[in-house]
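Can you look at this prediction? I've put the sequence above it.
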Amino acid sequence: MRVAIVSHSTTPRGGFVHALSLAEELHRQGADVHLLALGQKLFRPVTVPHTLLPGPTKAGTTLTERVFASIDLLEQGLSGLAGDFDVLHTQDCIAARAAVRVRAAGAPVTVVRTVHHVDDFTTPALVDCQRQAVLEPDHVLVVSEQWRDIVRTEYGRDSDVVHNGVDPHRFPDLPAGELAAMRARIGADGRFLFLGVGGVEPRKGTLHAFRALARLRKSGVDAMLALVGGHSFQDYADYREAALAELPELGLALGRDVILLGTVPDAELGGWYRAADALCFPSVKEGWGLAVLEAMAAGLPVVASDLPVFREYLQDGVSALLPAAADEEALTAAMRALVEDADLRDKLRSGADAVLPRYTWAETARRHREIYAALG
């Protein structure tokens, strides 16, 4: 079975990290796999055979225009390569629509779609595009039980659950001096450093994190928040500007209490996982939350949200703290507990160590191979 893992982007967000990690593990297990994506470069060296196709320009275009331009470009690239594969395994709605077009044009391929989550599009064209990207593929996978229920209820499609994995060796430990230097660079000497992953976005609950941090600061807790990531196909500029504009009103200073690190190289991301004191991940919607597993693998205690998807693999007070989503008072209390209770932090690390062996890329790839074989 010749498989192409197809993505609309090489941006190092959860969906593409999943695609790349899955492709590499399939390759390690001897599968005939190739990674195809729109983009100029990969964010780290890879071992799997891959082809990068040029993506659309962002300048002067709307989100709708970029989405449909990306579908067109990916369709063109796949049309010339489709004869090399039996399965086009797409990782997003853009890739799924492009692959379905290639199949409709006569290519003898099976289109598989992994639904990581569904975006909150607002224009009718994008809402319909996303819906068709779930309905049209031959087979649908999801990464959690919650999203199997959502796909069945909202789209009327059955799907198979294949969980994400984590590579515990992706982010090796760094010398203490190097970690101390990273902290000193952002003024974290002697302060409790929360790490956020994903940038300033509504889905990540960033504004709730800002408000909870402000509550901590006003009560005398010397904590700060550093955010990595933020590069996204979607445009969250309005939310980002409004959230950052609220910082002075909250008594927080950008560059002192809130640090925007942006999209960083993979090695540096690993450094921040190691240098921080806890992960603050108060998402209001997630497909899985791969950053949570990555943080746990790096020994970082986690405060997330009491979302159904997190409850599938985390236990509140045992492997993470899970305050109610969008409840800033509860989030503040959880963050305070992590700052003040070293024993709790150790307990959460131990609980995380018990969770991680259940979620490996080796097992994820093995399950995918079973599904590919059944399609044939």
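Great, that's in hand.

Val111 sits in which helix or strand?
Using DSSP states H and E, Val111 sits within strand 110-115.

Can you list the neighbours in contact with that strand?
18, 86-91, 96, 99-100, 103, 133-134, 136-143, 147, 151, 159, 162, 287, 371-372, 375 (Cβ atoms under 8 Å, 6 or more residues apart in numbering). Glycine gets a C-beta too; all of them are placed from N, C-alpha and C.

Can I get the buried part of those as one ChimeraX selection?
Buried residues among the contacts of strand 110-115 (16 or more other Cβ atoms under 10 Å), as a ChimeraX selection:
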select :18,86,87,88,89,90,91,96,99,100,103,133,134,136,137,139,140,141,142,143,147,151,159,162,287,372
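
quick one: which of the contacts of strand 110-115 sit in helices?
Counting by DSSP state H, the contacts of strand 110-115 place His18, Ala96, Ala99, Val100, Arg103, Ala133, Val134, Trp147, Val151, Ile371, Tyr372, Leu375 in helices.

I'd say the fourth one and Val134 touch.
By that I understand Val100. No. Val100 lies out of contact with Val134 (Cβ atoms under 8 Å); the separation is 10.9 Å.

The lengthiest helix in the chain - what's its average pLDDT?
Looking across the chain with DSSP H, the single longest helix is helix 63-81. Averaged over helix 63-81, pLDDT sits at 92.

Give me the buried positions along that helix.
In helix 63-81, counting by 16+ other Cβ under 10 Å, buried: 63, 66-71, 73-75, 77-78, 81.

repeat for stretch 1-12
So stretch 1-12, judged by 16+ other Cβ under 10 Å, has buried residues Val3, Ala4, Ile5, Val6, Ser7, His8, Ser9, Thr10, Thr11, Pro12.

now swap in stretch 154-166 and tell me
Neighbour count says stretch 154-166 has Tyr155, Arg157, Ser159, Asp160, Val162, His163, Asn164, Gly165, Val166 buried, by 16+ other Cβ under 10 Å.

any chance of the residues you listed in CSV, with distance to Ala31 and pLDDT too?
Listed next are the buried residues of stretch 154-166 as CSV, based on distance: Cβ to Cβ, whole Å; pLDDT from 0 to 100:
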residue, distance to Ala31, pLDDT
Tyr155, 28, 96
Arg157, 25, 96
Ser159, 21, 97
Asp160, 17, 97
Val162, 14, 96
His163, 18, 94
Asn164, 18, 93
Gly165, 15, 93
Val166, 20, 92
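
from those, which ones fall inside strands?
Counting by DSSP state E, the buried residues of stretch 154-166 place Asp160 in strands.

Nearest to Ile259, out of the buried residues of stretch 154-166: which one, please.
Nearest to Ile259 among the buried residues of stretch 154-166, counting by Cβ to Cβ, is Val166 at 25.2 Å.

got a list of what the closest one touches?
Leu290, Leu293, Glu294, Met296, Ala297, Leu356, Tyr359, Thr360, Trp361 are the contacts of Val166 under Cβ under 8 Å, 6+ apart.

What of Asp160?
His139, Val140, Leu141, Val142, Arg148, Ile371.

on that earlier part again, residues contacting the longest helix of the chain, please?
For helix 63-81, using Cβ under 8 Å, 6+ apart, the contacting residues are 4, 6, 8, 36, 38, 51, 53-56, 58, 61, 88, 93-95, 97-99, 101-102, 105, 107, 123, 125-126, 129, 233-235.

Out of these, which end up buried?
By 16+ other Cβ under 10 Å, the contacts of helix 63-81 give 4, 6, 8, 36, 38, 53, 55-56, 88, 93-95, 97-99, 101-102, 107, 126, 129, 233 as buried.

any idea of the pLDDT on the residue of the chain most remote from its centre?
Farthest-out residue of the chain from its mean C-alpha position, per Cα atoms, centre = their mean: Gly106, at 33.5 Å. Looking at Gly106, its pLDDT reads 96.

Quick check on it: phi, psi?
Phi and psi for Gly106, reported as degrees, to the nearest 10, are phi 110, psi 0.

Leaving out the residues flanking it, which one is nearest to Leu195?
Ala276 (3.7 Å; Cβ to Cβ, 6 or more residues apart in numbering).
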